[in-house]
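K.L.:
sharing a sequence plus its predicted fold:
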Amino acid sequence: MKVYFQDLTVHSSKRFELIDITWKVEEAVAASGIRNGLCLVYAPHATAAIIANEHESGLLYDLLAKVRELFPEGAGYRHDRIDDNAHAHLASAFLASSRIFPVRDGRLVRGTWQNILLVEADGPRTRRVVVEVLGES
Amino acid sequence: MKVYFQDLTVHSSKRFELIDITWKVEEAVAASGIRNGLCLVYAPHATAAIIANEHESGLLYDLLAKVRELFPEGAGYRHDRIDDNAHAHLASAFLASSRIFPVRDGRLVRGTWQNILLVEADGPRTRRVVVEVLGES
Amino acid sequence: MKVYFQDLTVHSSKRFELIDITWKVEEAVAASGIRNGLCLVYAPHATAAIIANEHESGLLYDLLAKVRELFPEGAGYRHDRIDDNAHAHLASAFLASSRIFPVRDGRLVRGTWQNILLVEADGPRTRRVVVEVLGES
């Protein structure tokens, strides 16, 4: 059994943004040398999230629009009395800041239309993403 | 350490549908021979999701109604200019296309009212679900 | 490879409540003796959920307010004909009843503002939370 970690650094440039980290995650899986196991993509942040979905420009727009609709900025939140990002905390808590994938025959298992996206809801910031691969080599 | 995979094939017959795959997942756990570990139920699809909840006909109705309310069809999405299923992508991204369960003493751990349900939001389709069991036998 | 289980008992005292279980989970990780692996925090309940976010009193209020806004009580649900907690089932299904974390160098990996919270949506009740740590010692 083997456990491999790789920390990614992701820079966001806007308040709301979707950043595709699929290739970095797949590189980490390849570097791990693990053939069968699990890959956890974990953002240690309370104002960002990780999702898996299609990287199509119209859909990226729709996804952010839905995040902003369900968790609107400045909607009278109590947390905003001490900070201005309650909406981002809500988005992170509801969407979750991680996704987990099978690793099979040395490759991350995902659908054709499933890219791995960091959801930035309180940028611009530098974000860390922990990629952990656990399994057998 | 052992890693076991089983691919399930699930046929949906409607545009929106909840399909109970609990027994198939539990059969895979039994077939794995793994006594203690984790079971990942992963749909490699960007327009479907996996949830765990009660299989009661009224609640199944309520769950789909809530999916359709939060992610309504044809609400002016940009992705719908090239396809007609943005709502299903949103549902998949927000609900997540996987759930993970403990495996203990050879059995999948779940509550009495937690069945494992595939959420179809763009059917009818044939869906694949990857069941991965990882642990010690 | 090692698999360690610890069952937590959590008592809620209100219908809606967020209960911080971070320290109990971290104690379980320490007790496991596992240095590198994964920690699954799993509530075997269909009317509760697990999230990770900041433990700040204003934000705890905002989080519960958002749960109640997205999944309002008694909104004509079919499940409420046989029970009165459809809203809690919806919250549990959408938020998910588990979160999974990396374990690295003997510690659970989480952000500074990520505490582990049980979301009670149908209390008061006694809830069980299964903490599973899997990895190498």
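P.N.:
Yep, that arrived.
K.L.:
the lengthiest helix in chain A - what's its average pLDDT?
P.N.:
Longest helix in chain A, counting residues (DSSP state H): helix A:57-70. Mean per-residue pLDDT for helix A:57-70: 98.
K.L.:
could you do stretch A:14-26 as well?
P.N.:
Averaged over stretch A:14-26, pLDDT sits at 98.
K.L.:
quick check: residues of chain A near chain B?
P.N.:
For chain A, the residues found near chain B under the criterion CB under 8 Å from any CB of the partner chain are A:1, A:36-38, A:51-54, A:56-59, A:61-63, A:66, A:70, A:94-96, A:99-102, A:104, A:109-111, A:113-114, A:134-136. Placement of C-beta: from N, CA and C, glycine included.
K.L.:
give me the subset of the residues you listed lying in helices.
P.N.:
Using DSSP H, the residues of chain A next to chain B in helices are A:57-59, A:61-63, A:66, A:70, A:94-95.
K.L.:
from the residues you listed, pick the one nearest chain C.
P.N.:
Ranked by distance to chain C (CB to the nearest CB), these are led by A:Phe94 at 6.3 Å.
K.L.:
I'd like to know how many residues surround the residue lying closest to the closest one once chain neighbours are set aside.
P.N.:
Leaving out its chain neighbours, the residue that sits closest to A:Phe94 by CB to CB, 6 or more residues apart in numbering or on different chains is C:Leu95, at 6.3 Å. Residues near C:Leu95, counting by other CB atoms under 10 Å in any protein chain shown, number 23.
K.L.:
list the contacts for C:Leu95?
P.N.:
Residues in contact with C:Leu95, defined by CB atoms under 8 Å, 6 or more residues apart in numbering or on different chains, are A:93-94, C:49-51, C:67, C:119.
K.L.:
now do the strands in chain A.
P.N.:
Here chain A has its strands, by DSSP state E, at A:2-11, A:17-20, A:36-42, A:48-53, A:98-104, A:107-108, A:115-120, A:126-136.
K.L.:
mind checking the ones you listed for the one nearest to C:Ala88?
P.N.:
Evaluated with CB to CB, these place strand A:48-53 nearest to C:Ala88, the distance being 22.9 Å.
K.L.:
how far is that closest one from where the chain is centred?
P.N.:
Taking CA atoms, centre = their mean, to the nearest Å, one finds the center of strand A:48-53 at 4 Å from the center of the full chain.
K.L.:
for stretch A:101-115, same thing?
P.N.:
Computed by CA atoms, centre = their mean, the separation of stretch A:101-115 from the middle of its chain amounts to 15 Å.
K.L.:
next: stretch A:8-24.
P.N.:
Stretch A:8-24 sits 8 Å away from the centroid of its parent chain (CA atoms, centre = their mean).
K.L.:
which parts of it are buried?
P.N.:
Using 16 or more other CB atoms under 10 Å in any protein chain shown as the test for burial, stretch A:8-24 gives A:8, A:10, A:12, A:15-19, A:21-22, A:24.
K.L.:
now do stretch A:75-87
P.N.:
For stretch A:75-87, by 16+ other CB under 10 Å, it's A:77, A:79-80, A:83, A:85-87.
K.L.:
and it, end to end?
P.N.:
This stretch, stretch A:75-87, spans 8 Å end to end (CA to CA, to the nearest Å).
K.L.:
is any part of it close to chain C?
P.N.:
Yes - contact of stretch A:75-87 with chain C (CB under 8 Å from any CB) involves A:77-82, A:86.
K.L.:
now stretch A:99-111
P.N.:
Yes - Stretch A:99-111 lies within reach of chain C by CB under 8 Å from any CB, at A:Ile100.
K.L.:
quick revisit: of the ones in helices among the residues of chain A next to chain B, buried ones?
P.N.:
Taking 16+ other CB under 10 Å as the criterion, what is buried in those is A:58-59, A:62-63, A:66, A:70, A:94-95.
K.L.:
residues touching the residue sitting nearest the centre point of chain A, list them.
P.N.:
Central residue of chain A (CA atoms, centre = their mean): A:Ile50, 2.3 Å from the mean position. A:Ile50 sits next to A:41-43, A:95-99, A:116-119, A:129 when contact means CB under 8 Å, 6+ apart.
K.L.:
how many neighbours does the residue lying closest to it once chain neighbours are set aside have?
P.N.:
Using CB to CB, 6+ apart and skipping residues adjacent in sequence, the residue nearest A:Ile50 is A:Arg99, 4.9 Å away. Neighbour count for A:Arg99, taken as other CB under 10 Å: 26.
K.L.:
surely A:Arg99 meets A:Ala52?
P.N.:
Yes - between A:Arg99 and A:Ala52 there is a contact under CB atoms under 8 Å: 5.3 Å.
K.L.:
overlap of the contact sets of those two?
P.N.:
Residues touching both A:Arg99 and A:Ala52 by CB under 8 Å, 6+ apart: A:116, B:96.
K.L.:
check contacts around the closest residue in space to A:Arg107 that isn't next to it in sequence.
P.N.:
Distances taken as CB to CB, 6+ apart place A:Val29 nearest to A:Arg107, at 6.9 Å, with adjacent residues excluded. For A:Val29, the contact set (CB under 8 Å, 6+ apart) comprises A:39, A:103, A:106-108, A:131, A:133.
K.L.:
can you pull the pLDDT of A:Ile34?
P.N.:
Predicted confidence (pLDDT) for A:Ile34: 98.
K.L.:
how about it: what's its closest non-neighbour residue?
P.N.:
Counting by CB to CB, 6+ apart, A:Ile34 lies nearest to A:Gly135, which is 4.3 Å off, once chain neighbours are set aside.
K.L.:
closest to B:Gly123 out of the ones in helices among the residues of chain A next to chain B?
P.N.:
Distances from B:Gly123 to those, taken by CB to CB, are shortest for A:Leu59, at 19.0 Å.
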